[in-house]
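**Student:** 3D model of this:
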Amino acid sequence: MSKQIRKKREDTKIGTIEKKYDRDFGVRSDKKLGNYLKEQGFPSLSKLLDETKRGKK
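**Tutor:** From the prediction side, this is the model:
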């Protein structure tokens with residue numbers, strides 16, 4: 001069963017993403033999604049979630 005990931009605004013806080021998708025990215029919860037994606041080299045939230053699901057990052 002696959003959930004569709006809606007496009008999130010870049011100013012969404014990481015804490016919101018961590019709660020929604022039950023992940024821990026190991027950064028401050030008030031960090032903005034756009035900044036985190038750029039720092040980690042991910043083009044989108046869906047790519048980030050794919051990689052963290054597999055345990056690669």
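**Student:** the nearest residue to residue 17 once chain neighbours are set aside: what's it in contact with?
**Tutor:** Nearest residue to residue 17, sequence neighbours excluded (C-beta to C-beta, 6 or more residues apart in numbering): residue 33, at 6.1 Å. In short, each C-beta sits where N, CA and C put it, glycine included. Residue 33 makes contact with 8, 9, 10, 11, 12, 13, 14, 17, 45, according to C-beta atoms under 8 Å, 6 or more residues apart in numbering.
**Student:** filter these to the buried ones?
**Tutor:** Among these, the ones that count as buried by 16 or more other C-beta atoms under 10 Å are 8, 14, 17, 45.
**Student:** how about the residues you listed in a markdown table, adding secondary structure?
**Tutor:** Converted to a markdown table, the buried ones among the contacts of residue 33 look like this (DSSP: H, G, I helix; E, B strand; the rest coil):
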| residue | secondary structure |
| --- | --- |
| 8 | coil |
| 14 | helix |
| 17 | helix |
| 45 | helix |
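**Student:** could you dump those residues into JSON lines with pLDDT added?
**Tutor:** Below are the buried ones among the contacts of residue 33 laid out as JSON lines (pLDDT from 0 to 100):
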{"residue": "8", "pLDDT": "76"}
{"residue": "14", "pLDDT": "97"}
{"residue": "17", "pLDDT": "95"}
{"residue": "45", "pLDDT": "93"}
